[in-house]
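[1] Got a predicted model here, sequence first, then my questions.
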Amino acid sequence: MANLVFWVIVGLTIGSAVIVVQSKKLVYSAYALLFTLLGVTGLYVFLWADFLAVVQVVVYVGGILVLIIFGIMLTNKITSVNISNTSVQKSIGSIILFVFIAGLGFMVAKTPWVSVANSEPIQTTETIGRLLMIDYLLPFEVASLLLLGALISATTLSRKDD
């Protein structure tokens with residue numbers, strides 16, 4: 001059953017990623033990106049990376065994707081701009097894609113894979129939380145102040161002068 005769920009998640013991730021790239025409507029691309037990011041979250045769960053799965057949902061699905069959708073919805077009211085997602089250089093992109101897939105296939109075929117017993121790893125969330133809140137608290141707070149400054153600057157730059 002786990003193999004079936006894994007392959008359904010892989011199919012959902014790849015299929016929605018193809019829709020993100022191929023769709024001519026930005027709204028459809030953004031909604032397909034939602035399913036792509038949720039599929040990546042499912043793959044993190046299968047890798048026992050519980051912290052990365054939660055961060056993926058909170059940061060990318062909850063923050064970045066909502067920001068993209070709001071941006072699309074707010075700029076859709078502009079009548080003089082044609083909002084579309086047309087790809088200009090599909091042939092060059094296809095060649096690069098096939099070279100990349102061939103390289104990955106070669107790497108997978110030549111790698112000596114080791115099969116070990118499947119055991120549940122120790123929880124990583126407690127260790128990461130201890131590191132962020134005790135050992136690396138100052139850099140964590142500096143990064144949050146930097147992000148807050150960037151948010152305030154972006155808001156100030158986007159205001160209209162009256």
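    Good, I have the coordinates.
[2] CA only for contacts and neighbour counts going forward, please
    Will do.
[3] I figured S29 hits I19, correct?
    Yes. At 6.5 Å, S29 and I19 qualify as touching, with contact defined as C-alpha atoms under 8 Å.
[4] Can you name the element that comes right after the worst-scoring helix or strand of the chain on mean pLDDT?
    Ranking every helix and strand in the chain by mean pLDDT, DSSP states H and E puts helix 65-75 at the bottom, with a mean of 79. Beyond helix 65-75 in the direction of the C-terminus, DSSP states H and E gives the next helix or strand as helix 90-110.
[5] so after that following helix, what's the next helix or strand?
    Next along from helix 90-110, by DSSP H and E: helix 125-130.
[6] Flag every buried residue along the host helix or strand of F51.
    Secondary structure from DSSP H and E places F51 in helix 50-55. For helix 50-55, the neighbour count (16 or more other C-alpha atoms under 10 Å) marks D50, F51, L52, A53 as buried.
[7] Contacts for that helix, please.
    The contact list for helix 50-55, computed with C-alpha atoms under 8 Å, 6 or more residues apart in numbering, reads T41, G42, Y44, V45, T124, T125.
[8] Please render those as JSON lines that adds distance to V57, neighbour count and pLDDT to the earlier fields.
    Shown next, in JSON lines, are those (distance: C-alpha to C-alpha, whole Å; neighbours: other C-alpha atoms under 10 Å; pLDDT from 0 to 100):
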{"residue": "T41", "distance to V57": "7", "neighbour count": "24", "pLDDT": "94"}
{"residue": "G42", "distance to V57": "10", "neighbour count": "21", "pLDDT": "94"}
{"residue": "Y44", "distance to V57": "11", "neighbour count": "17", "pLDDT": "92"}
{"residue": "V45", "distance to V57": "12", "neighbour count": "16", "pLDDT": "90"}
{"residue": "T124", "distance to V57": "17", "neighbour count": "13", "pLDDT": "75"}
{"residue": "T125", "distance to V57": "15", "neighbour count": "14", "pLDDT": "78"}
